[in-house]
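Engineer: turn this into a model:
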Amino acid sequence: MPRLRVYELAKKLNMSTKDLLQELEELGLDVKNHMSYIDEETVKLLLELFEEEEDVEKSKLAARPKKEEEVKEEEVREEILVTPEELQVNALALKIGVPLNKLIQDMFMRGVVLKPNQKLDERTAREIAKMYGHKLRLQQETKIEHAEVQMSKLQQIEKYFEELYTKHANELAPRPPVVTVMGHVDHGKTTLLDKIRKTRVAEQEAGGITQSIGAYQISYNGKKITFIDTPGHELFTEMRARGAQATDIVVLVVAADDGVMPQTIEAYNHAKAANVPVVVAINKIDKPNANVEATKQQLVSKLNLVPEDWGGDTIVVPISARTGQGIDELLEMILLVAEMKEIKCYPKGPARCVVIESKIERGLGPVANVIVKDGILKVGDHIVAGPIYAKVRTLVDDKGKHIRQAEPSQPVMIVGFEELPDLRYTIYAVEDLETARQVSEEIRARIEKERRSKRRMTLEELLKMMEEKEKKELNLVLKADTLGSLSAVQSAVDSLKSEEIKVNVVHAGVGPVTESDIMLASTCDGVVIGFRVKVEPQARKLAEAEAIQVKTYEIIYDLIESLKLAMEGMLKPQIVEELIGRGEIKKVFDIKKVGKVAGVQLLEGKATRDSKVKVYRNGVLLFTDEIETLKHFKEDVGQVEAPQECGIKFKSRTDFQEGDELEFYQLKEIKRVL
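Structural biologist: Just a heads-up that it's a prediction; the model follows:
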């Protein structure tokens, strides 16, 4: 038996890679991740160990006497309606007509210890009911139902999808990963996608429909993968701008004869900002001047991506999109990342879809090419896409076939729109036409309100917004005229260190400020800084629309000074004590209904009503207190100066005596600098 990687051994044992990693950790084996090698001898021992465990489990099952409920198939005799208050052991036993002691005993035999008055979660209650042949239905409280009636249709939809993954945690199912291919121009993105698709000719349906819907789905080793075949980080980021995260995994294509280029860096920064796992495909390894090791070195130095075979955690697969070499391994790695990430969906109920492309199709009118994220999208569904709504007349898959319904991760073209849907909006399926109309009107009103209230956010305002956050971060997109200038600007920005405010350079590049830079800043709530570069007209318009500030500078000192002043304005001021006077307690008065009062002789400076007072005895600090009343003779005063005498009543302490020395302080805020 040869040595195997962890994920290869998991396949042999017919278990998930994640479970195997956990088992290996419990066995005390030092494995870093799914790509770690296990030597030949250990593989043999593990295979024998797991086979033995499986045999023991089988023999236990065979020896265990079958319970009555296992012999005959369970039949649900009756549906029981319970309120949340009745999710209690004794109340449930009463509802299903089983003696309390029997219920507790039966559950104990199943390894669950219950007490008579114990509260039950919904899942356990359902299991108990099922055990005795009943189906449990939870009756919601009236006030909750009333609250839902009060919510608008849009709020109900948003709440439904917001709570979907927590409410239905036990019903989630694995979803095929959606992959976007990104990288520098001419590094082979399109060739790779065509090769994976096996350059098949688009099939034609009756009516002359030739499909190119912006995405396609393949099957590899019995598992599906969806590829978005409109590569480009601009689209990727624009979808993210409104929270429409379509992509689960990014394949970053880097040419082995060209290495990491500016667009490679930009594409990676967009993927990193989206927090999407990246698999690197080093393409064109069939070329004579290809240098895979040098390309890996550039991945480390320019992107800080350390390949797994160099001890890092980035999957790097050498491929040739032209010959097909390495593509099977790339697909295998995509499925492995998907398995480790546990990509799931709720495969029932109304659909939620992400638009990847919208256009006017001849003979069909406005269409939307979408990927279903949750639920099932059916022909005849009423849908809402931002401020517009429609009824699904036709669904066409990536092969050009008319289908009745589309499942999660399936790319499909929706026909039935009267207007062109914006690809930045999520599509929701709703129950009827009236609901679709109401929801679209609500979204339209929300957009108009946002447009009226939206204004450009300055760097200072952005920093001020962070005041209430525990962790303050400033995200910057830097553009400069040359690599030398860019390096100088980055070094200067890195020098602005503060424990309270972290400066993140999300992306740094050479050239004018483009729409892509604005979209990236929009997705990470950042600011665009340009050094000796122009801002393209389209980028300026987009910055206005997205309320993103673009600041340009000609002198590096001005750039750094601007950032420095803005950050210093956010630093909490330093609180210092300023000594304003000294005195001595000459006499202590105990006044009825007032309490103890110190008769003080001012020796230096002054004492004020708002002073902090430190009391010393024999040169040692006794206590620190505040002044409750300050009197000069019988009058309440705000300030007394040396060498006058005064009477002081402290706010909380009375353990002072004649001869104690006093120091009077005022607290001052001092502006901090970086």
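
Engineer: distance check, the residue lying closest to residue 548 once chain neighbours are set aside against residue 473.
Structural biologist: What sits nearest to residue 548 in space, not counting adjacent residues and going by CB to CB, 6 or more residues apart in numbering, is residue 521, at 4.9 Å. Quick note: C-beta positions are derived from backbone N, CA and C, even for glycine. Using CB to CB, to the nearest Å, one obtains 13 Å as the distance from residue 521 to residue 473.

Engineer: looking at the two, which is more packed in?
Structural biologist: In terms of neighbours (other CB atoms under 10 Å), residue 521 is the more surrounded of residue 521 and residue 473; the figures are 27 against 13.

Engineer: the strand or helix carrying that one: how far from the chain's middle?
Structural biologist: Secondary structure here is read from DSSP states H and E; on that basis residue 521 sits in helix 515-523. When distances are taken as CA atoms, centre = their mean, to the nearest Å, helix 515-523 is centred 18 Å away from the chain's centroid.

Engineer: per-residue confidence averaged over it?
Structural biologist: If you average the pLDDT over helix 515-523, you get 85.

Engineer: for that helix, enumerate the helices and strands it packs against.
Structural biologist: Under the contact criterion of 3 or more CB pairs under 8 Å, 6 or more residues apart in numbering; DSSP states H and E, the helices and strands touching helix 515-523 comprise helix 233-240, helix 262-273, strand 472-480, strand 501-510, strand 527-531, helix 537-546.

Engineer: for that helix, output the C-alpha coordinates as CSV.
Structural biologist: Below are the C-alpha coordinates for helix 515-523, written out as CSV (Å, rounded to 0.1, in the frame of the first residue of the first chain):
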residue,chain,number,x,y,z
GLU,A,515,-14.7,51.5,-11.5
SER,A,516,-13.3,48.2,-10.1
ASP,A,517,-11.4,50.2,-7.4
ILE,A,518,-14.6,52.0,-6.4
MET,A,519,-16.6,48.7,-6.3
LEU,A,520,-13.9,47.1,-4.1
ALA,A,521,-13.9,50.1,-1.7
SER,A,522,-17.7,49.9,-1.6
THR,A,523,-17.8,46.2,-0.6
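
Engineer: just want the angle from that helix to helix 537-546.
Structural biologist: Here helix 515-523 runs at an angle of 20 degrees relative to helix 537-546 (axes from the mean of the first three to the mean of the last three CA atoms, to 10 degrees).

Engineer: most packed of the helices and strands packed on helix 515-523?
Structural biologist: Using mean count of other CB atoms under 10 Å, the stretch among the helices and strands packed on helix 515-523 with the greatest mean number of neighbours is strand 527-531 (a mean of 24).

Engineer: got the angle between that one and helix 537-546?
Structural biologist: 150 degrees.

Engineer: from residue 368, how far off is the closest residue in space to residue 393 that isn't next to it in sequence?
Structural biologist: If the residues on either side of it in the chain are set aside, residue 393 comes closest to residue 416, at 3.8 Å by CB to CB, 6+ apart. Applying CB to CB, the value for residue 416 to residue 368 is 9 Å.

Engineer: ok, those two, which is more surrounded?
Structural biologist: Using other CB under 10 Å, the more surrounded residue of residue 416 and residue 368 is residue 368, with 29 against 21.

Engineer: quick check on that one: phi, psi?
Structural biologist: Dihedral pair for residue 368: phi -120, psi 130, per degrees, to the nearest 10.

Engineer: cool, and residue 101?
Structural biologist: Main-chain dihedrals, residue 101, degrees, to the nearest 10: phi -60, psi -40.

Engineer: need the pLDDT of it.
Structural biologist: 78.

Engineer: what about it, neighbour count?
Structural biologist: Residues within reach of residue 101, counting by other CB under 10 Å, total 10.

Engineer: could you do residue 627 as well?
Structural biologist: Residue crowding around residue 627 was assessed by other CB under 10 Å; the count is 18.

Engineer: how about the helix or strand encompassing it: buried residues?
Structural biologist: According to DSSP H and E, residue 627 maps onto strand 620-632. Using 16 or more other CB atoms under 10 Å as the test for burial, strand 620-632 gives 622, 625, 627, 630, 631.

Engineer: in TSV: those, plus distance to residue 331 and pLDDT.
Structural biologist: Formatted as TSV, the buried residues of strand 620-632 follow (distance: CB to CB, whole Å; pLDDT from 0 to 100):
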residue	distance to residue 331	pLDDT
622	77	92
625	74	94
627	77	94
630	81	93
631	87	92
